[in-house]
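# A predicted structure for the sequence below; I have some questions about it.
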Amino acid sequence: MKVTPEQIKTVYDQSNAVQHYLSKSRRDGVKVDWEEPFSRSVFKQAIAPVSKNKGEKLRVVDIGAGTGDGYVLLSTLLLKDPELSGSYELEYLGVDISTQMVETAINLYGNHSNVGFECADIRTSKLARPFDLYLSCGVPYSHLTHKELDQALKMIVTNVCENRSRCAVIVDVLGRYSIEWTPQWQNSRWNYSMSFFQSEGDKDPTWMSFYSHQHLQEIMQQAANAVGCPVEKFEFFDRSIMVGRHTSTRQFNPGLPNYRDLVNSLLSPSQQTDLSQLIFQVELGAAPEHILDFFRKFSSWWNRLVSDATELLGEPLAIATVELPPEVQGFKAAAQKELQQISDKHLYRQKLEFMLAQVLRKLEATQQPGYGVGHDLFGVMWLDATRL
């Protein structure tokens with residue numbers, strides 16, 4: 001059989017993608033301590049309204065499963081979360097359009113009980129059985145056009161209606177208004193590179209779709225309406241507002257401070273961080289007023305916390321005093337109390353930097369508005385077709 005240049009390129013691209021997702025360097029401090037816990041918290045909130053009796057199977061299909069990251073995140077949540085531990089028996093199916101991704105996932109997790117992976121295109125493949133959670137992570141839906149996303153969601157909603165089930169649908173996409181790409185804020189689809197590191201800056205870009213929460217909710221609601229399935233509610237969550245991976249590569253916003261690298265430095269006991277570089281100093285693009293208003297408020301809170309830390313180091317910054325949200329109030333006093341017994345300057349700074357990382361993470365997690373202002377936008381839709 002003759003192999004075309006296009007087929008050769010597809011195999012090459014899939015092989016590179018697999019290596020890309022399996023790279024150990026990809027799981028940096030921000031991913032492990034910041035992003036993955038947030039993703040698990042979204043999964044937990046999605047599961048809660050469709051909870052089952054203890055010990056029953058939680059049936060999950062992971063759309064665009066790749067090499068199985070969603071399975072790892074979800075199984076870790078169900079195993080280690082004190083409120084969920086032992087509550088469910090996970091029955092997991094990962095679906096991906098890439099044969100190499102599926103083969104890799106099978107090699108990694110195929111021997112785990114009640115875990116399977118299969119190659120399918122969610123835009124055209126009909127799901128064979130009901131699920132309690134239609135999962136996605138790693139922005140698989142952003143690979144689709146807006147019309148294709150509508151098509152894929154209709155396939156899911158049709159499955160829900162045919163099985164008269166109650167479920168949660170998680171749609172993970174790229175946020176339109178991330179500071180990583182302010183020059184592109186006026187566009188909802190553009191040529192994007194899936195690079196994680198500066199060394200990958202020459203990776204071939206691919207067209208991707210970007211969403212505000214209004215746009216994403218509109219498509220989700222349209223899909224449900226077209227099939228005739230009742231929507232119980234929607235919720236939206238922004239992940240990685242300040243630490244998206246392209247704050248490190250700065251591929252789409254060259255003047256952006258490398259916030260991800262700086263936060264990774266805070267988390268590393270072997271590094272000393274220039275805290276003044278953490279100050280929010282981003283030139284925003286044209287955006288709806290509620291987006292700009294969010295960044296004005298969020299940046300003032302972020303800068304206040306960084307300034308509190310520099311004052312404890314005797315390196316004060318000229319930052320305006322603002323009232324912090326209740327979730328992060330008292331950081332300076334708590335840090336001062338924690339550090340007063342540490343006389344070693346290196347240990348003092350090391351401890352303070354770690355505490356600053358934790359409070360900045362908490363600020364992001366508790367004040368994210370779900371507008372599409374982070375690297376990821378999670379849209380969660382709860383459906384109830386039990387009475388149809």
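Right, received. Where do you want to start?
# alpha carbons only for contacts and neighbour counts from here, please
Fine.
# those helices in the stretch 101-250 of the chain, which residues are they?
Using DSSP state H, counting those that start in this stretch, the helices of the stretch 101-250 of the chain run over residues 146-162, 213-227, 246-249.
# give the contact list for residue 129.
Residue 129 makes contacts with 159, 163, as judged by Cα atoms under 8 Å, 6 or more residues apart in numbering.
# didn't residue 350 look like it was pressed against residue 273?
No. If you go by Cα atoms under 8 Å, residue 350 and residue 273 don't touch, sitting 9.3 Å apart.
# what touches both of these two?
Joint contacts of residue 350 and residue 273 (Cα under 8 Å, 6+ apart) are residue 266.
# kindly state the domain boundaries assigned to the chain.
Listed domain ranges for the chain are 5-241+372-384, 272-367 (source: automatic domain parsing).
# let me see the mean pLDDT of the longest one.
This means domain 5-241+372-384. Mean pLDDT, computed over domain 5-241+372-384, is 89.
# now do that domain: distance to the chain's middle.
9 Å (Cα atoms, centre = their mean, to the nearest Å).
# repeat for the last one
Offset of domain 272-367 from its chain centre (Cα atoms, centre = their mean): 22 Å.
# for stretch 238-252, same thing?
11 Å.
# quick revisit: out of the domains of the chain, which comes closest to residue 260?
domain 5-241+372-384 (7.0 Å; Cα to Cα).
# could you dump the domains of the chain into CSV with distance to residue 263 added?
As requested, those are exported to CSV (distance: least, Cα to Cα, whole Å):
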stretch, distance to residue 263
domain 5-241+372-384, 7
domain 272-367, 6
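# sorry, back to before: nearest to residue 99, of the helices of the stretch 101-250 of the chain?
helix 146-162 (19.1 Å).
# what does that closest one rub up against?
Under Cα under 8 Å, 6+ apart, the answer for helix 146-162 is 122-131, 134, 141, 166-167, 209, 219-220, 222-224, 226-227, 229, 383, 385, 388.
# buried subset of those as a PyMOL selection?
Here is the PyMOL command that selects the buried residues among the contacts of helix 146-162 (16 or more other Cα atoms under 10 Å):
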select buried, resi 122+123+130+131+134+141+166+167+209+219+220+223+224+227+229+383+385
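# circling back to that earlier point, nearest to residue 35, out of the helices of the stretch 101-250 of the chain?
helix 246-249 (14.0 Å).
# same for that closest one, what does it pack against?
helix 259-267 (3 or more Cα pairs under 8 Å, 6 or more residues apart in numbering; DSSP states H and E).
# for the helix or strand that the helix it packs on is followed by, packing partners?
The helix or strand immediately downstream of helix 259-267 is helix 289-312, counting by DSSP states H and E. Packed against helix 289-312 by the contact rule (3+ Cα pairs under 8 Å, 6+ apart) you find helix 331-339, helix 345-367.
# mean confidence score for helix 289-312?
Averaged over helix 289-312, pLDDT sits at 98.
# angle of it against helix 331-339?
Interaxial angle, helix 289-312 versus helix 331-339 (axes from the mean of the first three to the mean of the last three Cα atoms, to 10 degrees): 30 degrees.
# with just CA atoms, put helix 289-312 into PDB.
Listed in PDB are the C-alpha atoms of helix 289-312, where the atom choice follows Å, rounded to 0.1, in the frame of the first residue of the first chain:
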ATOM      1  CA  GLU A 289     -15.900  45.700  30.500                       C
ATOM      2  CA  HIS A 290     -16.600  42.800  32.900                       C
ATOM      3  CA  ILE A 291     -13.300  41.200  31.800                       C
ATOM      4  CA  LEU A 292     -11.300  44.300  32.200                       C
ATOM      5  CA  ASP A 293     -13.000  45.000  35.600                       C
ATOM      6  CA  PHE A 294     -12.000  41.500  36.800                       C
ATOM      7  CA  PHE A 295      -8.400  42.000  35.900                       C
ATOM      8  CA  ARG A 296      -8.300  45.400  37.600                       C
ATOM      9  CA  LYS A 297      -9.600  43.900  40.800                       C
ATOM     10  CA  PHE A 298      -7.600  40.600  40.600                       C
ATOM     11  CA  SER A 299      -4.300  42.400  39.800                       C
ATOM     12  CA  SER A 300      -4.700  44.700  42.900                       C
ATOM     13  CA  TRP A 301      -5.200  41.700  45.100                       C
ATOM     14  CA  TRP A 302      -2.400  39.700  43.600                       C
ATOM     15  CA  ASN A 303       0.000  42.700  43.900                       C
ATOM     16  CA  ARG A 304      -1.000  43.300  47.500                       C
ATOM     17  CA  LEU A 305      -0.100  39.800  48.500                       C
ATOM     18  CA  VAL A 306       3.300  40.000  46.700                       C
ATOM     19  CA  SER A 307       3.900  43.300  48.400                       C
ATOM     20  CA  ASP A 308       3.100  41.900  51.800                       C
ATOM     21  CA  ALA A 309       5.700  39.200  51.200                       C
ATOM     22  CA  THR A 310       8.400  41.700  50.100                       C
ATOM     23  CA  GLU A 311       7.700  43.800  53.300                       C
ATOM     24  CA  LEU A 312       8.500  40.700  55.400                       C
END
